[in-house]
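[1] predicted structure and sequence below. I'll ask about it afterward.
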Amino acid sequence: MATSPNTTTQYTSGQFVESSGAILFNLSRGQSKTVCLIHYHAKDEWLLAKGRRNCGESRQEAALREVREETGYKAHLYPVKMYSRAPPSDEQGHMPDVPRLYPDMTEPFMLTMRQLGKDGVNDIKIIWWFIAALDDGVVPGSGGSAEEQFTPEFFPLKEALEKLSFQNDRDVLQKAISLVQS
C-alpha cells in the first residue's frame with residue numbers, strides 16, 4: 001500500500017467544527033467604506049462576525065446567518081474579483097490545478113484553521129471567510145437586535161484594522177479590504 005507523497009492530516013467528524021464568517025462592509029454610494037466589528041462584552045474584545053455552521057446549512061448561509069445574529073444587520077454576499085484554484089462552473093474536461101482570476105466571486109476568500117486541542121486532543125476549527133455588504137436600504141446604526149453579548153459598530157477601514165483584538169482577524173480583514181478596493 002503506497003503512502004501519499006503529500007503531508008496529510010485527517011479528522012473525523014467528532015474532531016472538527018466548521019464555522020463561517022463574513023466581513024460586513026457598508027458600501028453605500030456617496031459614503032466612505034466602513035466595516036462592522038462586534039464588541040464581545042464578556043472579554044472586552046473586538047471581533048469579526050462568525051460562528052458554527054448548522055447541520056444541513058451551506059457555508060454561505062451560515063456566514064450570512066451569523067452576521068445577522070451577531071450584528072443585527074441583513075446582508076448579502078458581495079461579489080469580488082479574486083483568485084481561486086477551483087475550476088469554473090462550466091468546466092470542460094481536465095483543467096490544471098492552478099490559481100485563476102475570476103470576476104464576481106462570492107466564494108470564500110480565506111480559510112482559517114485553528115487548533116483546539118488541549119491535553120493531547122487534536123481537534124480543529126475550520127473557518128470559511130466571505131465578504132458581505134449591507135442590504136439596500138439598511139443603514140448603519142439602525143441594526144435590528146444583535147445577540148446581547150455583542151455590540152456591533154461600523155468603523156472606517158484603517159480604524160477597524162487597529163481596533164480588532166487579534167492579529168489573525170486583522171489579516172483576514174486586510175485581505176477583505178484589498179479585494180473590495182480592487
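    Sure, I can see it. Numbers count the residues shown, from 1 in each chain.
[2] so what's Phe25 bridging to?
    Val35, Ala133 (DSSP bridges).
[3] next up, the contacts around it.
    33-36, 78, 131-134, 176, 180 (C-beta atoms under 8 Å, 6 or more residues apart in numbering). Where you see a C-beta, it was placed from the backbone N, CA and C, and this is true even at glycine.
[4] hmm, 7 Å instead?
    Taking C-beta atoms under 7 Å, 6 or more residues apart in numbering as the criterion, Phe25 is in contact with 33, 35, 78, 133, 180.
[5] middle-most residue in this protein, spatially?
    Trp129 (2.3 Å; C-alpha atoms, centre = their mean).
[6] quick one: that one and Glu107 touch, right?
    No: applying C-beta atoms under 7 Å, one finds Trp129 not in contact with Glu107, separated by 10.3 Å.
[7] now Ser89, what are its backbone angles?
    Backbone dihedrals for Ser89, given as degrees, to the nearest 10, come out at phi -60, psi -20.
[8] what does the one 5 residues further on give?
    For His94, the backbone dihedrals are phi -70, psi 140 (criterion: degrees, to the nearest 10).
[9] distance check, it against Pro87.
    His94 is 9 Å from Pro87, where distance means C-beta to C-beta, to the nearest Å.
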